[in-house]
Structure formats: structure tokens, C-alpha cells
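[1] predicted model and sequence follow; I will ask about them next.
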Number of protein chains: 2
Amino acid sequence: MTLAAQSEIQIDNDEVRVTEWRLAPGAATGPHRHGMDYVIVPVADAEMTIVAPDGTRSIAQLKTGQSYFRKAGVEHDVLNESTTEIVFLEVELKA
Amino acid sequence: MTLAAQSEIQIDNDEVRVTEWRLAPGAATGPHRHGMDYVIVPVADAEMTIVAPDGTRSIAQLKTGQSYFRKAGVEHDVLNESTTEIVFLEVELKA
């Protein structure tokens, strides 16, 4: 059985929603589609497995404080197949 | 003489600008006014001194991954009077 990712909303207003995500080893977000453009800010060094809707797998190295931007519409599952916790903030842009 | 804060733009598009700021012990940003609403994401535990335009000083404890939101119009100087480096991302919301 797959562990669930843990999420906590830190900010939620008219402009932005900021959610902290934590994935313990073995955890997954489950497949999801991003409804808003977003910025990811890793707050721990970690290795993340991304599974596309067609099953294609890729590995992303998250580096503390190294952000990246993605457009709305991205669909994927995010898994932690490593031995260290994944922690990042998702900054969703509402405007 | 005061050290300058170091900044590096990580993302800059129509919606958002993300800047990494590093303040070594003794460094300061210099007085500035925020032109956009913004989110701060600390990526290190640190202590930050904030000086308001009237000279009022306050101390903020930055906790890794604990974000906060501020509206445009904030004016202050930001100093590192501690012995450890301050590192945070500033996410400015353009929309």
C-alpha cells in the first residue's frame, strides 16, 4: 500500500496559495492535474519520481532553494522512491 | 562598511519573479520599497533584523520552509546582525 503525501496550506488568498508537501519514503501524491501555473520551492535536497499519464517515469533532483516554474495543465503522479523525505512548497498563482 | 546582500533571479516571466537572496552576517539589502505583493520562503533557519523607515527595529525568526505573504508598499531595510547566513526566496506576484 502506498503512503499518502502530507499537505498543509500555509497561505491562501486572492492571489496565491502556498502548500507545503511532505512525502516520506514510499509516499505518493496520487495522479493529479495542476489547475494553476505554479512554482515549486524545494526546502530539502531530495529525489522525486514523476510518472506521466502514459506511464513514463522520470527522476528529478530537488535542491534546497532551487525553484522552478510550470504551467497549468501538467498531469502526473509524484512518488518518493528514495530513502529520504521530500519536502517542498507549491506556490500556485491564481491571478 | 555594510556588506551588500547577494541576489540571483531564478524565474522571471509574465506572472512571477523569483529571486534568491543571501545575506552574510553583517550584510544588508539597503532600504527599499516593495512594488509587488510577495511571498517569502526561507530556505535556512535564520534571524533577520528589519528596520522600518522611522527607524523602528524588529527581529524576525526565519524557519526553513515556513512562508509568509506581504502586500506591495512595504518599506524597510533588512539586515543580518546574526552569525549565520540568511537565505530566502522572494516570490513577487506580477498579476
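    That came through fine. Residues are numbered from 1 along each chain as shown, chains lettered A, B, ... in the order given.

[2] can you count the residues close to A:A24?
    14 (other CB atoms under 10 Å in any protein chain shown). For the C-beta atoms, the positions are set from N, CA and C on the backbone; glycine is no exception.

[3] A:K63 now?
    One way to gauge burial is a neighbour count; for A:K63, by other CB under 10 Å, it gives 12.

[4] swap in A:R70?
    A:R70, neighbours per other CB under 10 Å, totals 14.

[5] for chain A, which residue gets nearest to chain B?
    Going by CB to the nearest CB, chain B is nearest to A:A95 of chain A, at 3.2 Å.

[6] which parts of chain A sit against chain B?
    Residues of chain A lying near chain B by CB under 8 Å from any CB of the partner chain: A:10-11, A:13, A:15-16, A:18, A:20, A:37, A:39, A:41, A:43, A:64-69, A:87, A:89, A:91, A:93, A:95.

[7] 10 Å instead?
    Taking CB under 10 Å from any CB of the partner chain as the measure of proximity, chain A contacts chain B at A:10-16, A:18-20, A:22, A:36-39, A:41-44, A:63-69, A:71, A:87-89, A:91, A:93-95.

[8] just the ones of the residues you listed in helices?
    The members of the residues of chain A next to chain B all map outside helices under DSSP state H.

[9] tell me which of those residues fall in strands.
    Within these, residues falling in strands by DSSP state E are A:10-12, A:16, A:18-20, A:22, A:38-39, A:41-42, A:68-69, A:87-89, A:91, A:93.

[10] show me what contacts the closest residue to the residue of chain A closest to chain B other than its chain neighbours?
    Excluding its sequence neighbours, the residue lying closest to A:A95 (CB to CB, 6 or more residues apart in numbering or on different chains) is B:A95, at 3.2 Å. Residues touching B:A95, when contacts are defined by CB atoms under 10 Å, 6 or more residues apart in numbering or on different chains, comprise A:E15, A:V16, A:D37, A:L93, A:K94, A:A95, B:D14, B:E15, B:V16, B:M36, B:D37.

[11] could you turn the buried ones of those into a ChimeraX selection?
    The ChimeraX selection below is limited to those of those classed as buried (16 or more other CB atoms under 10 Å in any protein chain shown):
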select /A:15,16,37,93 /B:15,16,36,37
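
[12] what residues does the lowest-mean-pLDDT helix or strand in chain A touch?
    Lowest on mean pLDDT, DSSP states H and E among the helices and strands of chain A sits strand A:3-4, with a mean of 92. Strand A:3-4 is contacted from outside by A:L23, A:A24, A:P25, A:G26, A:A27, A:A28, A:T29, A:G30, A:L79, A:N80, using CB under 10 Å, 6+ apart.

[13] what about burial for those, which qualify?
    By neighbour count, with 16+ other CB under 10 Å, the contacts of strand A:3-4 hold A:L23, A:A27, A:A28, A:T29, A:L79, A:N80 as buried.

[14] which ones are touching the third one?
    Yep, that's A:A28 we're talking about. With contact set as CB under 10 Å, 6+ apart, A:A28 has these partners: A:T2, A:L3, A:A4, A:A5, A:T49, A:V51, A:D77, A:V78, A:L79, A:N80, A:E81.
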